[in-house]
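> sequence plus the predicted model coming up.
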Amino acid sequence: MKIVHMIGGGDVGGAKTHVLSLVSKLSEDNDVLLISFREGEFAEDARKLGINTRVIKSKNPLRDIRELKKTVADGGFDIVHCHGAKANVMAALIKRHIKVPVITTVHSDYRLDYMGSLVKMLTNGLLNTVALRALDGYIGVTNAFIDLLIERGFDPYKLYTLNNGIDFDISPQPATSREEYLSRLGIHCVENTVVCGIAARFHPVKDIGTAIRAVAKAASSCPGLRLILGGDGEEAENLKALVEELGMSDRIIFAGWIDDMDSFLGAVDISIISSVSEGFPYSILESARAKCTMVSTPVGAMPEVISNGRDGLLFDVGDVSALAAHLEYLYKNPDARNQFAERLFEKAKENYSFRAMVSAQLSIYERAIEMRNRRQKKRDSVVVCGSYGRGNAGDDAILKAVIREIRDVDDCTKICVMSKNPLQTKKRLRVRAIYTFNIFKMFSAMLRSHLYINGGGSLIQDSTSSRSLYFYLLTLFAAKISGCKVMMYGCGIGPVNRKGNRRLSARVIDKNVDCITLRDPDSYDELRKMGVSKPQMKLAADPTLSIRPADEEAVIAALAAEGIDPCEKYLCLAMRNWKDIDSVLSEIAKVADYAAIQHNLKIALIAMEHKKDLPIAEKLCGMISAPCVIIRNEYDVHMVIGILSKMRIIMAMRLHALVFGAGQGVATIGIAYDHKVTGFMNYIGREMCVPYDECSQDVLKSFIDRTMSDSEYSETMQRACSDMRENEKHNTAELRKFF
């Protein structure tokens, strides 16, 4: 692959390390040209590494632009990769004259790059902000940056995450010993000397003042605490004045630019990042490799790399007291320092290797090229509509499953989701999203799409309201007249009670839908009874059965955080608000107490739709005499499935609590407030389901007794779920026919 990298050329610190390391490694197997827009240390270091480097810098900016345009246009490159504001602006100026994708790595929050200088913010910063919008792709060095770009309106299909990486196979090679290095700085080691270190630009965004104040605050109880500040920059004089003001000149040492990072980190016990904003600083990986203890603000990639309290400590931006408390704790607990450092080293070595970074970078190039080629197609998207964006774990799981299966069929197809919370949907799933009831955007999206998916859940029903039914029928009609193929995917049907609604539904579906997959036999039968005959119909299963639980270790940690012992046997209750709910909760509470006394089951309550179900869980908990735990945190679908997999019995009104549990072989008891619950329980051959309006403690107690005495329930459930998973594959098989 022929690649051109462009950079301003005045870069220092992490950005310089990242670019030179990446380009050097890419050059081993690819034809790479590095263009710098100034001579100096950066270009010299690049040449020393054997990188093909060209400097484009004259006194005439127009001449530079012409030279750059000719170099790139005539070079036969496959992709252009920019780093920093100058490169972004230059690339934007020549972009229309070249025929290859132009991408940029966003190393930091571009709105904060010129923080502290109003003139630069209104010139360089503004030009960069405008130029960014003209490019074809954006690489964020952390997921937090990708979320930030989505919030600012960037297309999720132009965004890529690339974590930094370093070579953990190479051990640090300090040029001097710790004692000698510290001695040169005037620090004489004694038994209780603990050295903190920061190596960074002295820039307002680094907020080094917070670290200085924290060390001063901790000084009285930590007499051997020292801080080395390695770096320089516009804040240098202010920081030195602050140290003088606090009387810390003998404890806080300014070391200048750090040329030998290995020696610096070899002398440091605690590495501090106090920044207001970060991407994925190399200092955290270098510190991890040197086995320094990390203390950081939770910005950028920090929460992804550091699990607070396990392999490092986090504190809020600007919180001097919290940082001081962390430093005091680490000063007095050397064993904790060592444990944090060892754990961070192992995690970083496994997840942030240099080889993984380069491989991921090449994959990004290939995808960016493919996405640019796809733009030649007028209809390159799929619209997915359902009851999404409401915070319901079941609906979220359906959407996740549908998106994953679309990507399994064609990973480059753009997906647009109709959601009640478009921003949240974009950030969680990295797709385009529009507000569900924005009719104009809906039609616009359909006109760019080749397929419309009415996806998952029971959308064709009038038990909640006829308005809902009419809306979803309208979307089927709108998609067809917009030129889309139309698929109803893994759906539940009904109840459609009104005769007029049944006739209307059958007519709209027959005329506008090409294919339907159903999640249970009852829904299949209901469509036939309504008179639907023209679309191809296939019995499948709930799409969420294809989703796997979270990692076992993570599930155990989540359970522990909720106060649940995975070694105990639990009855898990998943209720929702419905008519006459108080009388039903009263019966459920008595059943829970019975299960606790008669079968020694612990009681747990989970909110599947967090905001709506949590108050119901709290009300039910107050009615139960036995000790019970409410799972209060809101988790992603993988974690919810993992948590439910650890239960002995799940008794639920919520359909997907039953689906998730059954899919993991857990015994389920249904309370059928809607016929979809009955349909699922029938599908898995589980007779233990009581109609909502007939819910009684006697019936439910008998279900508990039968379940606890049935030694073969797990095997039966596993067989049923294996059959359903096979049927679920029909969803994807039918989907493939539209690509």
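On my side now, so go ahead.
> now the longest strand seen in the chain - C-alpha only, CSV.
Assignment by DSSP state E gives strand 449-460 as the longest strand of the chain. Coordinates of each C-alpha in strand 449-460 appear next as CSV, following Å, rounded to 0.1, in the frame of the first residue of the first chain:
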residue,chain,number,x,y,z
SER,A,449,-31.3,3.0,1.2
HIS,A,450,-31.9,-0.2,-0.6
LEU,A,451,-33.5,-2.0,2.4
TYR,A,452,-35.9,-1.1,5.2
ILE,A,453,-36.0,-3.4,8.2
ASN,A,454,-39.0,-3.3,10.5
GLY,A,455,-36.9,-5.0,13.2
GLY,A,456,-37.7,-7.1,16.2
GLY,A,457,-40.3,-6.7,18.9
SER,A,458,-44.1,-6.6,18.6
LEU,A,459,-44.6,-3.5,16.5
ILE,A,460,-47.7,-4.7,14.6
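> what's the spacing between that strand and its chain's center?
Here strand 449-460 is found 25 Å from its chain centre; the criterion is C-alpha atoms, centre = their mean, to the nearest Å.
> from the contact counts, what lies against it?
Applying 3 or more C-beta pairs under 8 Å, 6 or more residues apart in numbering; DSSP states H and E, one finds that strand 449-460 contacts strand 381-385, helix 393-409, helix 466-481, strand 485-493. All C-beta spots, glycine's among them, are computed from the backbone N, C-alpha and C.
> the last one vs helix 466-481, what angle?
Spelled out, it's strand 485-493. With axes from the mean of the first three to the mean of the last three C-alpha atoms, to 10 degrees as the basis, strand 485-493 and helix 466-481 are set at 160 degrees to each other.
> and strand 485-493, average pLDDT?
For strand 485-493, mean pLDDT rounds to 95.
> tell me which strands it pairs with, and in which orientation.
strand 449-460 (parallel), strand 515-518 (parallel) (DSSP bridges).
> show me what the following helix or strand past that strand is in contact with.
Next in sequence after strand 485-493, counting helices and strands by DSSP states H and E, comes helix 499-512. With contact meaning C-beta atoms under 8 Å, 6 or more residues apart in numbering, helix 499-512 is reached by 460, 462, 466, 469, 473, 476-477, 479-480, 486, 488, 496, 516, 527, 530-535.
> drop anything exposed from these.
Buried positions within the contacts of helix 499-512, assessed by neighbour count (16 or more other C-beta atoms under 10 Å), are 460, 462, 466, 469, 473, 476, 479-480, 486, 488, 496, 516, 527, 530, 532, 535.
> quick check, nearest of those residues to S275?
Closest approach between these and S275, by C-beta to C-beta: A479, at 47.1 Å.
> tell me the spacing between the closest one and N143.
For A479, the distance to N143 equals 32 Å [C-beta to C-beta, to the nearest Å].
> same question for G40.
Note on G40: its distance to N143, by C-beta to C-beta, is 33 Å.
> ranges for the strands of the stretch 551-700 of the chain?
Listed in chain order, the strands of the stretch 551-700 of the chain (DSSP state E, counting those that start in this stretch) span 570-574, 602-606, 628-631, 649-652, 667-672, 689-691.
> using JSON lines, lay out those strands together with distance to M446.
Shown next, in JSON lines, are the strands of the stretch 551-700 of the chain (distance: least, C-beta to C-beta, whole Å):
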{"stretch": "strand 570-574", "distance to M446": "35"}
{"stretch": "strand 602-606", "distance to M446": "37"}
{"stretch": "strand 628-631", "distance to M446": "39"}
{"stretch": "strand 649-652", "distance to M446": "36"}
{"stretch": "strand 667-672", "distance to M446": "36"}
{"stretch": "strand 689-691", "distance to M446": "39"}
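> now, of the ones you listed, which is deepest in the fold?
strand 570-574 (a mean of 28; mean count of other C-beta atoms under 10 Å).
> pull that one out as CSV, backbone CA atoms only.
Provided in CSV are the C-alpha atoms of strand 570-574 (Å, rounded to 0.1, in the frame of the first residue of the first chain):
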residue,chain,number,x,y,z
TYR,A,570,-31.1,-16.6,43.4
LEU,A,571,-34.7,-16.1,42.4
CYS,A,572,-34.5,-13.0,40.0
LEU,A,573,-37.7,-10.9,39.5
ALA,A,574,-38.1,-8.7,36.5
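> great, nothing more from me.
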